[in-house]
Each structure stands twice: as C-alpha cells, then as structure tokens.
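Novice: curious how this folds, go ahead:
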Amino acid sequence: MGEKNDAILRYLEDNARFADLMNGAVFGGIQAVDPGQLEDASEHYTEKDGKGRNIKYHGRTRDIIRRVRNGESILRLVALEAQETVDYGMPLRCMNYDVQEYLRQTRAIQKENEKAGNYRNASERLGRMRNMDRLIPVYTVCLYHGTDPWDGPLHLSDMMRFEKGDAFRGLFCDYPMILIRADEPMDYGAFRTSLRELLAVLPFRKDRREMRKFIGEQEAYRKLDRDTLEAIAVMTDNRQLLEKAEDYRNEKGEYNMYEEMGSFFMDGVEEGREEGREEGREEGREEGIRAMILDNLENGGSREQIQKKLEKYFGMSEKRAAEYLEHFLQEIGCLSAI
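Specialist: I've put the predicted structure just below:
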C-alpha cells in the first residue's frame, strides 16, 4: 500500500469524515449514514486452499470497515477500499471481500447453533443454519484517487467474455461495484466536513497553477485544520506545505494554505529555473517565467511587483525585466490591465 493510500485511509478513519464520504459521494448529500452509529469492525479474513499437508492459508484485511448500529441491532456493514491505481479486477476483488464477510458471519451462526442445538428439523441440523437465521448486509465502496482516468470494469459482467446471442446471458448474477472517482469533479456541495476541501483539489493535481487559482477562490482554504492540510500535502505531492505550516497558522489553529502555496510556488519556479539552467533547457525557464507572470496577474499583482520578481527570481536586470514584461503583456493583450 502506497503513501497516498495510507494518508487518505488515515484521514477517513474519522467517523464523521467516513460518513461524509458515503453521504456526499454515494447518496448525493442525503444523510443516510449517521457517524454516531458507526463503530470499527476491522476484520481479517483467512482463506484456505488445498487439502491435508498441502493446506495453505491466505489472509485478507479490509482497508476500513464500519458497523452501523442502532442500539443493540447491527443494521449493516459499510466497507471502503482505497485505490491509487486502476485495478482491472476490482469488481471481483470487492465481491470476494463481501463473500468472505458473509462466510465469516455464517460460520459464527453455525457455531452458535451447534452450541445451542435449537434445530427444528433435520435440514436445519444438517446445514447448521436455521430458517430464521439472517446475515448482516455488507456494502463495499471503492474510492479511486489516482490521477489517470478510471478505465477499469465497473461490474463483474464487464470482466466476462460472453458469446454473442448466449441464452444464458440473462441469467448471469452480476455484481455492480460502488465506485467513487476522486480524479474527476463531483458535487462538493454535498459534503459537510473538511473532506470537501481535500476532494475538491484532487482533480487539479496535474496543474499546480490551476490548483492555486482554485484555492484562492475558496475561503475554506484559508482556515484549514491540520489533518486536512496534511492529507492535501501528501495527496497532491506538495509536502512543502508541511515544512513551514506553522508560519501560516492563526490564533484559532487554522492554516492558510493559499498564502503558503504562494510562497512555495515561487520556490518551485526557482527550482525549475535552476534545473533548466543545469540541463540547458531554456524553454523550461521561459515556461517558468510565463507561469509566474500569469499567476501574479490573476491575483492582482502590479507591474512593479511582477518586475521585481523577474529581477529577483530570474536574475534579470531592471531594464531587461521591464522590456520582457512589456513584450509579454503586449503578446497576451493585457497591456492596459495593469
């Protein structure tokens, strides 16, 4: 399991965020899961292969699984599997987890029945299951948080090779996978916790400048809690956010991610400039200069401020910086904008 998987699972271990993920992404904002009814139900399933001396056991552990309890009654089990990469066998994998849970429940019921011996007839005794026995339903949700689009199967049937015109096709017992795609935008208004801020930045991971622009338009990123800041830093490959985080913390313990991103954005430009110089890639340096100017224009930077940054970060003379900026503004048609 990778670092990003670990980070998002740790973040979602909080029952309020876990419930918010289900309510926001699966039920479209309907509050179907009450965080107050959730309790940890971590299970390790053991599968057995072979016979006699050749028996082998294989262990499987859920990423996160919660019981939904109402008083003494367990209503359902809700499980989460996090994926950073596309798994082309994911529907089968999720179905197998569900089957292992049902088998675990069945064995527990059978063991209790054997102990009590309350069978009504020979059929119940033979199967060690009574007519009144019931299993607790389990729902497995897959959270895909990779950067590439999900192009894997969504149903078990997507993994099958059916013959054209097969009369048996209609009899196939399908398994639809519940998939949450964090790589593409969703209705973030359906979320009620800071999970909203984490999920909302993930589609921008391939374009840091667009990410900063988006963050600048959202007040919530100026007052993040520490857990959310850390999760965003890891999930977006922006660990720099954690190095000077305390410098952007207010008296309420909230972190201003937007201001902090502004500081390390310039550090990134400088790093790219040095890399371009070492590798002799002038076009890389040019791209960094243009990105810096555009970013400052979008955030209301004045001509004087941008010129000073050209001098400071790109080693231009005062004259060269003024000429470069003038030419660039003419090129993009923003000469009168600042």
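
Novice: so where's the stretch 201-338 of the chain shaky on pLDDT?
Specialist: By pLDDT under 70, the low-scoring segments of the stretch 201-338 of the chain are 262-284, 334-338.

Novice: show me where it has its strands.
Specialist: Secondary structure of the stretch 201-338 of the chain (DSSP state E, counting those that start in this stretch): no strands present.

Novice: list the buried residues for the biggest helix by length in the chain?
Specialist: Longest helix in the chain, counting residues (DSSP state H): helix 90-116. Of all the residues in helix 90-116, those buried under the rule 16 or more other C-beta atoms under 10 Å are 90-91, 93-98, 100-101, 104-105, 109, 113. In short, each C-beta sits where N, CA and C put it, glycine included.

Novice: show me what it packs onto, helices and strands only.
Specialist: Judged by 3 or more C-beta pairs under 8 Å, 6 or more residues apart in numbering; DSSP states H and E, helix 90-116 is in contact with strand 44-49, strand 56-61, strand 73-83, strand 138-144.

Novice: what strands flank the longest one, and is each parallel or antiparallel?
Specialist: Meaning strand 73-83. Using DSSP bridges, strand 73-83 pairs in its sheet with strand 64-70 (antiparallel), strand 138-144 (parallel).

Novice: report how many residues lie close to A19.
Specialist: When counting by other C-beta atoms under 10 Å, one arrives at 25 neighbours for A19.

Novice: ugh, typo on my part, it should be F191
Specialist: By other C-beta under 10 Å, 21 other residues sit near F191.

Novice: how about the strands paired with strand 73-83 in JSON lines, adding mean neighbour count?
Specialist: Formatted as JSON lines, those follow (neighbours: other C-beta atoms under 10 Å):
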{"stretch": "strand 64-70", "mean neighbour count": "18"}
{"stretch": "strand 138-144", "mean neighbour count": "21"}
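
Novice: turn these into CSV, including mean pLDDT and distance to E243.
Specialist: Below are those laid out as CSV (pLDDT from 0 to 100; distance: least, C-beta to C-beta, whole Å):
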stretch, mean pLDDT, distance to E243
strand 64-70, 95, 29
strand 138-144, 98, 28
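
Novice: distance of the most centrally placed residue in the chain relative to E260?
Specialist: Geometric centre of the chain, nearest residue: H145, 4.0 Å, by C-alpha atoms, centre = their mean. Per C-beta to C-beta, to the nearest Å, H145 is found 22 Å from E260.

Novice: now do S73
Specialist: From S73 over to E260 (counting by C-beta to C-beta), the distance is 47 Å.

Novice: which one's more surrounded, those two?
Specialist: E260 (26 against 8).

Novice: show the contacting residues for the closest residue to that one other than its chain neighbours.
Specialist: Spatial nearest neighbour of E260, excluding adjacent residues (C-beta to C-beta, 6 or more residues apart in numbering): Y248 at 4.4 Å. By C-beta atoms under 8 Å, 6 or more residues apart in numbering, the residues touching Y248 are Y255, N256, M257, E259, E260.

Novice: make JSON lines from these and add distance to T140 to it.
Specialist: Output for the contacts of Y248, formatted as JSON lines (distance: C-beta to C-beta, whole Å):
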{"residue": "Y255", "distance to T140": "34"}
{"residue": "N256", "distance to T140": "38"}
{"residue": "M257", "distance to T140": "32"}
{"residue": "E259", "distance to T140": "40"}
{"residue": "E260", "distance to T140": "37"}
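
Novice: out of those residues, flag the one nearest to G189.
Specialist: Of all the contacts of Y248, M257 has the smallest distance to G189: 19.9 Å, by C-beta to C-beta.

Novice: and the residue nearest to E260, how far is that from R222?
Specialist: 9 Å.

Novice: give me the common contacts of the two.
Specialist: Residues touching both Y248 and R222 comprise N256, M257, E259, with contact defined as C-beta under 8 Å, 6+ apart.

Novice: of those, buried ones?
Specialist: N256, M257.

Novice: narrow the shared contacts of Y248 and R222 to those in helices?
Specialist: Judged by DSSP H, the subset of the shared contacts of Y248 and R222 located in helices is M257, E259.

Novice: for the shared contacts of Y248 and R222, which one is nearest L241?
Specialist: Among the shared contacts of Y248 and R222, M257 lies closest to L241 (C-beta to C-beta), at 6.7 Å.

Novice: the closest one - nearest residue in space that isn't next to it in sequence?
Specialist: With C-beta to C-beta, 6+ apart as the criterion, M257 has its nearest non-adjacent residue at 4.5 Å, and that residue is Y221.
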